[in-house]
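Colleague: Any chance you can model this:
(chains A and B)
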Amino acid sequence: EPEVTQTPSHQVTQMGQEVILRCVPISNHLYFYWYRQILGQKVEFLVSFYNNEISEKSEIFDDQFSVERPDGSNFTLKIRSTKLEDSAMYFCASTYDRGQAGELFFGEGSRLTVL
Amino acid sequence: GESVGLHLPTLSVQEGDNSIINCAYSNSASDYFIWYKQESGKGPQFIIDIRSNMDKRQGQRVTVLLNKTVKHLSLQIAATQPGDSAVYFCAENLTGRRALTFGSGTRLQVQP
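Modeller: I've put the predicted structure just below:
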């Protein structure tokens, strides 16, 4: 069964450092997302991406965040200068159908720990 | 403002019993609702969805009920199994938006 894969599974970084989280969405999917989940809290939307551009972003997704699809398979989330409060599990998700905004396929997440 | 919330943080049931997980939402503009299951160490997994023009939808062993009058959503799991043990999130979607707004989650514990 096709799945969304994410790397790394866990990254520890110092405050102020840049981090890149990588995702390989399901191959025929067209819509890509990043969500995050701070430990013990809700899953929060960060950004959606379609046709090589951001289609929607939340207030969390400020100037320190960026997304990119550098080739036909990878989808990356970059955090330019990490802060302590960026520590969370970051989930990549994808979907094929524009109409089914809710039927997302999530990866297993990348845990980011900022020290 | 928008909010999606859950009534109970933890639900413990006996194997074979039916489970009911509840969710309240406050934004009457929401027109699409989804239930996700999250097992430990994994990402959320889609279970079932329902649009606001319906009040009930059934899947395999799961049923979602939507009561728009009181802005309430529930997930019913029939014959609960140990493999159903997980955190369950409801989520809502607003017309024209890609973002899902998730609730805070209910942990379902299935006792053998």
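
Colleague: switch to C-alpha atoms for all contacts and neighbour counts from now on
Modeller: Will do.

Colleague: does A:Phe106 really touch A:Tyr90, like I thought?
Modeller: No: if you go by Cα atoms under 8 Å, A:Phe106 and A:Tyr90 don't touch, sitting 10.2 Å apart.

Colleague: Just read off the phi/psi values of the closest residue to chain B within chain A.
Modeller: Closest approach between chain A and chain B, counting by Cα to the nearest Cα: A:Glu108, at 4.4 Å. Note on A:Glu108: its backbone torsions stand at phi -80, psi -10 [degrees, to the nearest 10].

Colleague: Quick one: the strands in chain B, in order.
Modeller: Counting by DSSP state E, chain B has strands at residues B:4-5, B:10-14, B:19-25, B:30-38, B:45-51, B:56-58, B:62-67, B:72-77, B:86-94, B:100-102, B:106-111.

Colleague: Does the last one reach chain A?
Modeller: It stands for strand B:106-111. No: Strand B:106-111 lies out of reach of chain A by Cα under 8 Å from any Cα of the partner chain, never closer than 10.8 Å.

Colleague: contact partners of that strand?
Modeller: B:6, B:8-15, B:21, B:80-82, B:84-89 (Cα atoms under 8 Å, 6 or more residues apart in numbering or on different chains).

Colleague: for stretch A:72-87, same thing?
Modeller: With Cα under 8 Å, 6+ apart, stretch A:72-87 has contacts from A:14-25, A:27, A:32, A:34, A:38, A:64-69, A:111-115.

Colleague: that older thread, what is the burial count for the residue of chain A closest to chain B?
Modeller: Residues within reach of A:Glu108, counting by other Cα atoms under 10 Å in any protein chain shown, total 25.

Colleague: check contacts around it.
Modeller: A:Val4, A:Thr5, A:Gln6, A:Ser9, A:Phe91, B:Gly41, B:Lys42, B:Gly43.

Colleague: Out of those residues, which end up buried?
Modeller: A:Val4, A:Thr5, A:Gln6, A:Phe91, B:Gly43 (16 or more other Cα atoms under 10 Å in any protein chain shown).
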